[in-house]
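Trainee: Need coordinates for the following:
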Amino acid sequence: MRIGLVGAGRIGAMHAEILARLDDVSVVVADADDARARAIADKAQIDSVETVERLFAEPLDGLVIASPTDTHPAMIVQAVEQRIPVFCEKPVAPDVAGTLAVIAAIEHADVPVQIGFQRRFDPGYVAARDEIASGRLGWLHTLRSTTLDPAPPPEEYVAGSGGIFIDCAVHDFDSLRWVTGREVASVYATGSNRGAEFFTEYGDVDTAAATLRFDDDALATVSVTRYNAAGYDIRLEAFGSEGSVSTGLDDQTPLRSTEPGVSFPSGPAYTAFPERFAGAYAAELESFVRLARDGGASPCTPGDALEAFYIAEACEMSRAEDRVVYLSHVRR
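Mentor: Sure, this is the predicted structure:
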């Protein structure tokens, strides 16, 4: 199989290394910066071409999009029109309107499109979903989800990120929908800034929290921050009438117990997402290659990405207006 890769930044470089290790897969990469694409190609021992336009002229069996968000819509649509299966890092588009436009443009094409929400492929999240689906936890009443980054991204990234709910917490929203199999009915969200001033300048916050009410009345709390110097802390907890489970609680969890005599976790702490989710990133690309080769149902559709985006948009609206926002008022 011949897989094209667009984007030679940090996530593109990760994907290049993963794809290069797969059996019976050859990879060709392109980037707006040709020198960067060639450097990635040399390191991963794959091919490169000078431009993205040249990449689309290649005989491709699949396309992996890891370029800036504003390039996603056009490339997804072009690939589908050329009947090339697509894997695209989240989000589908910079906003809800753009996501809806992409879905409308490709909905009648029988070409698989998979969106990159890697937590769906993390063994802990998979196990939590299985526990919930089995009924062993009884009926769910409470979920807690965290995305705590060790340090903020650069100012220029924040300027175009869309805000902490859209850029960061959207992973929590997708994974909560996925593990529960339920839809969010309403949200209440808030946020604060105690760090760099540029968050306020761009109308964003560096720390936020949201309460989600699901359509079966289960409640979830989501906590996100750009300032968790102890390490990269990604966890999900699910509490039911008959039992409870935790995902992301292991020896590398950046959380120290103050109980006497307790040494768990023993560290070292996770430092960033490539380390925490290395296996999940590999599994999702392996899944995409199978999807491109054999067909079938996408494990994460543009419609799934849209639903997570709706929750993020509702949380941003709630934070700005200090009120409960119902998803029925947000969905188009």
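Trainee: Surely Ala292 is within a helix?
Mentor: Yes. The assignment for Ala292 is a helix, going by DSSP: H, G, I helix; E, B strand; the rest coil.
Trainee: Identify the residues contacting it.
Mentor: Under the criterion of CB atoms under 8 Å, 6 or more residues apart in numbering, the contact list for Ala292 reads 1, 3, 61-62, 85, 112. For glycine as for every other residue, the C-beta is placed from the backbone atoms N, C-alpha and C.
Trainee: so which of these comes closest to Ala220?
Mentor: Nearest to Ala220, judged by CB to CB, of the contacts of Ala292 is Pro112 at 29.8 Å.
Trainee: if we can go back for a sec, ok, of the contacts of Ala292, which come out buried?
Mentor: Buried subset of the contacts of Ala292 (neighbour count, 16 or more other CB atoms under 10 Å): 3, 61-62, 85, 112.
Trainee: and the chain, what are its domains?
Mentor: Per the record, the chain has its domains at 2-117+282-300, 120-273+308-329, by automatic domain parsing.
Trainee: thinking again about what came up before, a markdown table for the buried ones among the contacts of Ala292, including distance to Thr225?
Mentor: Putting the buried ones among the contacts of Ala292 into a markdown table (distance: CB to CB, whole Å) gives the following:
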| residue | distance to Thr225 |
| --- | --- |
| Ile3 | 36 |
| Asp61 | 40 |
| Gly62 | 36 |
| Pro85 | 36 |
| Pro112 | 35 |
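Trainee: quick one: which of the residues you listed sit in helices?
Mentor: Taking DSSP state H as the definition of helices, the buried ones among the contacts of Ala292 contribute nothing to them.
Trainee: what's around Ala97, how many residues?
Mentor: 9 (other CB atoms under 10 Å).
Trainee: For the stretch 151-300 of the chain, just list every one of the strands.
Mentor: 184-192, 207-214, 219-225, 233-240, 244-247 (DSSP state E, counting those that start in this stretch).
Trainee: just the helices in the stretch 1-150 of the chain please.
Mentor: For the stretch 1-150 of the chain, the helices identified by DSSP state H, counting those that start in this stretch occupy 10-20, 34-44, 52-56, 72-81, 96-106, 123-134, in order along the chain.
Trainee: residue contacts, Thr271?
Mentor: Thr271 is in contact with 150, 231-232, counting by CB under 8 Å, 6+ apart.
Trainee: make it 6 Å
Mentor: Tyr232 (CB atoms under 6 Å, 6 or more residues apart in numbering).
Trainee: Please identify the nearest residue in space to Arg182, excluding sequence neighbours.
Mentor: The spatial neighbour of Arg182 that comes closest, neighbours along the chain excluded (CB to CB, 6 or more residues apart in numbering), is Phe214 at 4.4 Å.
Trainee: what's around that neighbour, how many residues?
Mentor: 19.
Trainee: which ones are touching the spatially most central residue of the chain?
Mentor: Nearest to the geometric centre of the chain sits Phe117, at 3.6 Å (CA atoms, centre = their mean). With CB under 6 Å, 6+ apart as the criterion, the residues that contact Phe117 are 90, 174, 300.
Trainee: nearest residue to it other than its sequence neighbours?
Mentor: For Phe117, the closest residue by CB to CB, 6+ apart turns out to be Asp174, at 4.5 Å.
Trainee: Let me know the distance separating that neighbour from Ala208.
Mentor: Counting by CB to CB, to the nearest Å, the gap from Asp174 to Ala208 is 16 Å.
Trainee: try Thr142
Mentor: 19 Å.
Trainee: which residues does His171 contact?
Mentor: In this structure, His171 makes contact with Arg119, judged by CB under 6 Å, 6+ apart.
Trainee: Could I get the pLDDT score of it?
Mentor: For His171, the pLDDT comes out at 97.
Trainee: repeat for Pro260
Mentor: For Pro260, the pLDDT comes out at 95.
Trainee: distance of Thr147 from Gly261?
Mentor: As defined by CB to CB, Thr147 lies at a distance of 30 Å from Gly261.
Trainee: For the two, indicate the residue with more neighbours.
Mentor: Set side by side, Thr147 and Gly261 give different neighbour counts by other CB under 10 Å, the larger being at Thr147 (24 against 5).
Trainee: Let me know the pLDDT of the nearest residue to the more buried one once chain neighbours are set aside.
Mentor: Leaving aside its sequence neighbours, Thr147 sits nearest to Val224 (CB to CB, 6+ apart; 4.7 Å). At Val224 the predicted local distance difference test score is 98.
Trainee: And Ala305, which helix or strand is it part of?
Mentor: Secondary structure here is read from DSSP states H and E; on that basis Ala305 sits in helix 302-321.
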